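**Q** Structure of the sequence below:
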Amino acid sequence: MTNHLFLTSRKIVLLLLLAVTTLTASGRTWTYDECLAYAMTEGTTLRKAGLTRQTATETRLASSAALFPSLSFSTSQNVSNQPWKANGATTILNDEIQTVSSKTSYNGSYNVGANWTIWNGGRNRNQVKANRIAEEKAELDSITAALTLEERLAQYFVQILYSKEAVEVNRAILEAAKVNENRGLEMVRIGSMSKADCSQLTSERAQREYDLELSINNVRNYKRQLKALLQIIDDDDFDVTASTPTDQMALAAIPSMQEVYLAALESRPEIKNAQMSIDNADIQMKIAKGQRLPTISMNASVKTNTSSQNKNSWSKQIQTNFNAGAGFTVSVPILDQRAAKTAINKANIQRQTALLDLKEKQSTLHSTIENYWIQATGNQSQFKAAKVATESAQASYDLLSEQFAVGIKNIVELQNGMTRLLNARQSELQAKYTTILNIKMLELYKN
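**A** Residues are numbered from 1 along each chain as shown. I've put the predicted structure just below:
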């Protein structure tokens with residue numbers, strides 16, 4: 001199980017192309033690999049899923065052991081006292097003393113017994129099959145939990161990378177705003193700009209400082225969410241890093257939605273789990289029908305006893321009182337108070353429910369993949385348009401800055417140009433990272 005999860009983890013790392021390096025967290029660095037390994041080994045969700053799987057294994061082993069005979073030993077040791085009984089009374093048979101009576105006596109019995117259900121309509125063997133399916137379903141639940149955790153981890157990781165790059169965009173915009181403010185102050189000093197116009201440049205610079213702090217706070221918030229996912233509760237600094245995703249990654253070919261869906265139907269654990277629920281319902285039907293069939297069981301025992309009233313030695317009594325026996329029992333149900341019919345009807349309902357659950361899981365899977373595909377295609381188109389818009393906004397702002405410096409453009413036009421450039425850069429950035437994430441999610445479901 002652990003090897004499978006780490007292989008899956010490696011697959012996601014390759015899919016995301018996050019060639020991670022080192023960063024600070026608790027005095028050391030956290031990479032995507034480290035976050036994933038930590039989540040797989042320390043996360044309570046997966047650990048609880050592993051314990052559930054172990055419980056299912058124990059249940060299956062117990063049902064398998066029930067196919068074999070049981071063997072038990074029992075003994076009873078008793079002391080009795082009859083205070084008004086005459087001492088010294090004896091029992092004589094054929095001129096031999098058999099017992100010696102006394103007020104206090106001690107008796108012991110010893111028994112070894114065995115029981116074996118030979119046949120009970122196949123219920124015990126079918127129960128083993130049902131428990132084996134339950135064990136496999138628990139394994140699939142554990143894998144499903146791991147894949148869900150990996151998806152969330154990838155989303156947080158990409159979101160942090162996007163937010164970090166957004167910080168750099170806002171920092172660059174802030175630097176431009178500071179340059180404009182300083183230029184305005186110089187123009188006020190030489191008398192070519194009013195203080196009112198210059199105050200607008202100061203306000204613009206303050207707004208960009210606010211935007212920068214807001215974007216920095218967004219990074220902190222996403223890091224907090226990632227720490228919560230990893231269940232890290234210390235107060236040490238936490239940070240992640242990765243090589244910056246390229247534009248080529250956002251422009252990669254998007255796989256067909258139907259192709260991804262058909263591949264996911266064959267490989268996703270939640271679909272296999274739902275299919276196994278149908279198999280389990282079929283076995284429960286066999287178990288229910290088995291209640292109408294006879295049960296054949298066998299028992300055997302050897303026993304002996306001893307008494308202080310007997311004149312023979314303890315070992316002699318063990319030998320002479322030894323008794324062995326064996327037999328079998330056939331139990332045929334006649335009137336079972338509707339127990340078998342109720343069990344059969346419940347098994348049939350369970351199968352219908354399992355079929356509906358499979359259909360629901362398939363529908364949910366299709367909707368999830370469709371959403372990733374729509375997000376990937378839509379954001380890829382937006383990214384292409386946003387790149388053009390950013391280049392145009394950058395060229396326009398550069399020209400406005402030059403014209404503003406020589407007094408051709410006013411402060412309002414300069415601010416509008418900066419706003420257009422900021423919006424274009426943010427739109428490009430968001431479309432880029434959203435496209436990359438959704439493409440890689442499609443590849444994950446496909447593979």
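
**Q** Where does residue 258 sit, in terms of helix or strand?
**A** Applying DSSP states H and E as the criterion places residue 258 in helix 257-267.

**Q** Could I get the buried residue list for that helix?
**A** For helix 257-267, burial by neighbour count (16 or more other C-beta atoms under 10 Å) applies to 257, 260, 261, 264. Where C-beta positions appear, they are placed from N, C-alpha and C, glycine not excepted.

**Q** any chance of those residues in CSV, with distance to residue 79 and pLDDT too?
**A** Below are these laid out as CSV (distance: C-beta to C-beta, whole Å; pLDDT from 0 to 100):
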residue, distance to residue 79, pLDDT
257, 83, 95
260, 79, 96
261, 78, 97
264, 73, 95
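
**Q** give me the low-pLDDT residue ranges for the chain?
**A** 1-29, 85-101 (pLDDT under 70).

**Q** Show me the strands in it, by range?
**A** Ranges of strands in the chain, per DSSP state E, are 70-81, 90-93, 96-100, 104-119, 295-307, 323-331.

**Q** Given the fifth one, what are its sheet partners and their directions?
**A** Translated: strand 295-307. strand 104-119 (antiparallel), strand 323-331 (antiparallel) (DSSP bridges).

**Q** Could you check how far the last one is from the centre of its chain?
**A** By that I understand strand 323-331. How far strand 323-331 lies from its chain's middle: 50 Å, per C-alpha atoms, centre = their mean, to the nearest Å.

**Q** who touches it?
**A** 118, 294, 295, 296, 297, 298, 299, 300, 301, 302, 303, 304 (C-beta atoms under 8 Å, 6 or more residues apart in numbering).

**Q** so which of the strands of the chain gets nearest residue 317?
**A** Comparison of these against residue 317 by C-beta to C-beta identifies strand 295-307 as nearest, at 4.2 Å.

**Q** mind listing what's buried in that closest one?
**A** 295, 296, 297, 300, 301, 303, 304, 305, 306, 307.

**Q** Could you do stretch 197-211 as well?
**A** For stretch 197-211, the neighbour count (16+ other C-beta under 10 Å) marks 197, 198, 200, 201, 204, 205, 207, 208, 211 as buried.

**Q** Let me see the contact set for the second one.
**A** When contacts are counted by C-beta under 8 Å, 6+ apart, residue 198 is found next to 181, 184, 185, 187, 188.

**Q** Please produce a PyMOL select command covering the buried subset of those.
**A** Buried subset of the contacts of residue 198, written as a PyMOL selection, criterion 16+ other C-beta under 10 Å:
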select buried, resi 181+184+187+188
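
**Q** circling back to that earlier point, okay if I get the strands paired with strand 295-307 as TSV plus distance to residue 239?
**A** Listed next are the strands paired with strand 295-307 as TSV, based on distance: least, C-beta to C-beta, whole Å:
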stretch	distance to residue 239
strand 104-119	62
strand 323-331	69
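
**Q** Quick one: closest of those strands to residue 274.
**A** Nearest of those to residue 274, taken as C-beta to C-beta: strand 104-119 at 32.9 Å.

**Q** orientation of that closest one relative to strand 70-81 in degrees?
**A** 160 degrees (axes from the mean of the first three to the mean of the last three C-alpha atoms, to 10 degrees).

**Q** Residue 305 versus residue 174, what's the distance?
**A** 98 Å (C-beta to C-beta, to the nearest Å).

**Q** so which of the buried residues of strand 295-307 would you say is closest to residue 289?
**A** Distances from residue 289 to the buried residues of strand 295-307, taken by C-beta to C-beta, are shortest for residue 295, at 13.8 Å.

**Q** residues in contact with that closest one?
**A** Taking C-beta under 8 Å, 6+ apart, one finds 117, 119, 120, 121, 329, 330, 331 in contact with residue 295.

**Q** what does stretch 423-437 contact?
**A** 154-155, 158-159, 161-162, 165-166, 169, 173, 245, 247, 249-250, 375-376, 379-380, 382-383, 386-387, 389-390, 392-394.

**Q** Buried among these? Need that as a selection in PyMOL.
**A** Of the contacts of stretch 423-437, the buried ones can be selected in PyMOL as follows, counting by 16+ other C-beta under 10 Å:
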select buried, resi 154+155+158+159+161+162+165+166+169+173+245+249+250+375+376+379+380+382+383+386+387+389+390+393
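
**Q** Show me the residue at the heart of this structure, geometrically.
**A** In the chain, the C-alpha nearest the mean C-alpha coordinate belongs to residue 145, at 1.8 Å (C-alpha atoms, centre = their mean).

**Q** list the contacts for that one?
**A** Neighbour list for residue 145: 45, 46, 49 [criterion: C-beta under 8 Å, 6+ apart].

**Q** Residue 394 is in contact with residue 421, correct?
**A** Yes - here residue 421 lies in contact with residue 394, judged by C-beta atoms under 8 Å, at a distance of 6.0 Å.

**Q** Residue 40 - how many residues pack around it?
**A** Each residue near residue 40 was counted by other C-beta atoms under 10 Å, and the total is 19.

**Q** scratch that, residue 139 is what I was asking about
**A** Residue 139: 21 surrounding residues under other C-beta under 10 Å.

**Q** do the one 10 residues further on as well
**A** Applying the criterion other C-beta under 10 Å, we find 20 residues in the vicinity of residue 149.

**Q** Tell me if I'm right that it and residue 46 touch.
**A** Yes - if you go by C-beta under 8 Å, residue 149 and residue 46 touch, sitting 6.7 Å apart.

**Q** picking up where we left off before, looking at the strands of the chain, which is closest to residue 347?
**A** Residue 347 sits nearest to strand 295-307 of all the strands of the chain, at 19.3 Å, using C-beta to C-beta.

**Q** from the middle of its chain, how far away would the closest one be?
**A** The answer for strand 295-307 is 50 Å, by C-alpha atoms, centre = their mean.

**Q** Ok, stretch 230-250 next?
**A** Mean C-alpha position of stretch 230-250 versus that of the full chain (C-alpha atoms, centre = their mean) differs by 22 Å.

**Q** Over to it now: how far is its first residue from its last?
**A** One end of stretch 230-250 sits 28 Å from the other (C-alpha to C-alpha, to the nearest Å).

**Q** Give the burial count for the closest residue to residue 358 other than its chain neighbours, as a bare number.
**A** Leaving aside its sequence neighbours, residue 358 sits nearest to residue 274 (C-beta to C-beta, 6 or more residues apart in numbering; 4.0 Å). By other C-beta under 10 Å, 22 other residues sit near residue 274.
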